[in-house]
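Asks: Turn this into a model:
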Amino acid sequence: MLDTEPLVSIEKLRVEFMTHDGPVTGVNELSFDIRPGECVCVVGESGSGKSVSSLSLMRLVEFGGGEITKGKLLFQREDGERIDIAREDGRTMQGIRGNEIAMIFQEPMTALNPVFTIGDQLSEGLIVHRGLTRAEARARALELLREVRIPEPERRLDQYPHELSGGMRQRVVIAMAMACRPRLLICDEPTTALDVTIQAEILALIDRLKRENGMAVMFITHDMAVVAQMADRVVVMFRGNKVEEGPVTEIFENPQQDYTKALLAAVPRLG
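Replies: Next up, the predicted model:
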């Protein structure tokens, strides 16, 4: 049973990007909640504002030229305090990012540093956020690699990202995101670059980690087949606006908006 109290409440979020022609809206008046143990899939085509909303929750949108101009991003921290992420300073966000809120990016090679070993990259967050010694962090890193079912994990610790396959690199990125047991895991199209068999394994892995740790998941995708597998609830976005929201069965069986119907009609069907 899901907790009634939301872990995350996005309220009337507006994000703008400055261009030569003036401000362009990335997200407009967006509102939805995510509860502990729940997977909310945010769907829509490219440019619909899916990634902008997730980067706002991490306060990374500012590093890409965006600005949160309106709304609240309410988040319940580990100690029970409710904060508005949109108003917090950089120091507070450093303590939250990668610790209480973690993110899996679409392309693992942009998330991993090519000049550090897998072991070093997995250990860094544990040393910074959890105060572990280097030896303790390495032991935990090995544990994490086993959790995400990487073969020969002891050997992988001393390898570099380029020595691993795409599927393995994505597992490392998931292990990094899970290292500090985040309360919210944001998945930004984490399987788009992978082949179908690896994709199925990664989705099953995220679902298993969600159930075992009771964390909330915000899953961003344009793939309705992935939505059917992962979602408890669905938020449909189009041109920076939310056009529909509801339980996954309701969205699939009885979509209300023409845009949602078009998204579902685009799903290839056998036969």
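
Asks: All the strands of this protein, in order from the start?
Replies: 8-19, 22-34, 39-43, 66-76, 82-84, 101-104, 184-188, 216-221, 233-238, 241-247 (DSSP state E).

Asks: Quick one: closest of these to residue 209.
Replies: For those, the distance to residue 209 is smallest for strand 184-188, at 7.7 Å, taking C-beta to C-beta. C-beta coordinates here come from the backbone N, C-alpha and C atoms, glycine included.

Asks: What would the closest one look like as PDB? C-alpha coordinates only.
Replies: Provided in PDB are the C-alpha atoms of strand 184-188 (Å, rounded to 0.1, in the frame of the first residue of the first chain):
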ATOM      1  CA  LEU A 184      13.700   9.400  -5.200                       C
ATOM      2  CA  LEU A 185      15.200   7.800  -8.300                       C
ATOM      3  CA  ILE A 186      14.900   9.700 -11.500                       C
ATOM      4  CA  CYS A 187      15.300   7.600 -14.700                       C
ATOM      5  CA  ASP A 188      15.700   9.700 -17.800                       C
END
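
Asks: so how far is that strand off the chain centroid?
Replies: 2 Å (C-alpha atoms, centre = their mean, to the nearest Å).

Asks: model confidence over that strand, on average?
Replies: If you average the pLDDT over strand 184-188, you get 94.

Asks: tell me what that strand is packed against?
Replies: Applying 3 or more C-beta pairs under 8 Å, 6 or more residues apart in numbering; DSSP states H and E, one finds that strand 184-188 makes contact with helix 50-57, strand 101-104, helix 196-213, strand 216-221.

Asks: between the third one and strand 184-188, how big is the angle?
Replies: What it means is helix 196-213. Between helix 196-213 and strand 184-188, the angle comes out at 170 degrees (axes from the mean of the first three to the mean of the last three C-alpha atoms, to 10 degrees).

Asks: So what angle separates the directions of helix 196-213 and strand 216-221?
Replies: Using the same axes, to 10 degrees: helix 196-213 against strand 216-221 is 160 degrees.

Asks: Quick one: list the elements packing against helix 196-213.
Replies: helix 166-178, strand 184-188, strand 216-221, helix 224-230.

Asks: and if we set it to 10 Å?
Replies: Helix 196-213 makes packing contacts with strand 39-43, helix 134-147, helix 166-178, strand 184-188, strand 216-221, helix 224-230 when contacts are defined by 3 or more C-beta pairs under 10 Å, 6 or more residues apart in numbering; DSSP states H and E.

Asks: Can I get the third one as PDB, trimmed to CA atoms?
Replies: As requested, the backbone C-alpha atoms of helix 166-178 are provided in PDB (Å, rounded to 0.1, in the frame of the first residue of the first chain):
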ATOM      1  CA  GLY A 166      27.100  -0.500 -23.000                       C
ATOM      2  CA  GLY A 167      24.800  -2.700 -20.900                       C
ATOM      3  CA  MET A 168      27.400  -3.100 -18.200                       C
ATOM      4  CA  ARG A 169      28.100   0.700 -18.100                       C
ATOM      5  CA  GLN A 170      24.400   1.400 -17.700                       C
ATOM      6  CA  ARG A 171      24.400  -1.100 -14.700                       C
ATOM      7  CA  VAL A 172      27.300   0.800 -13.200                       C
ATOM      8  CA  VAL A 173      25.300   4.100 -13.600                       C
ATOM      9  CA  ILE A 174      22.400   2.400 -11.800                       C
ATOM     10  CA  ALA A 175      24.700   1.200  -9.100                       C
ATOM     11  CA  MET A 176      26.100   4.700  -8.600                       C
ATOM     12  CA  ALA A 177      22.500   6.100  -8.400                       C
ATOM     13  CA  MET A 178      21.600   3.400  -5.800                       C
END
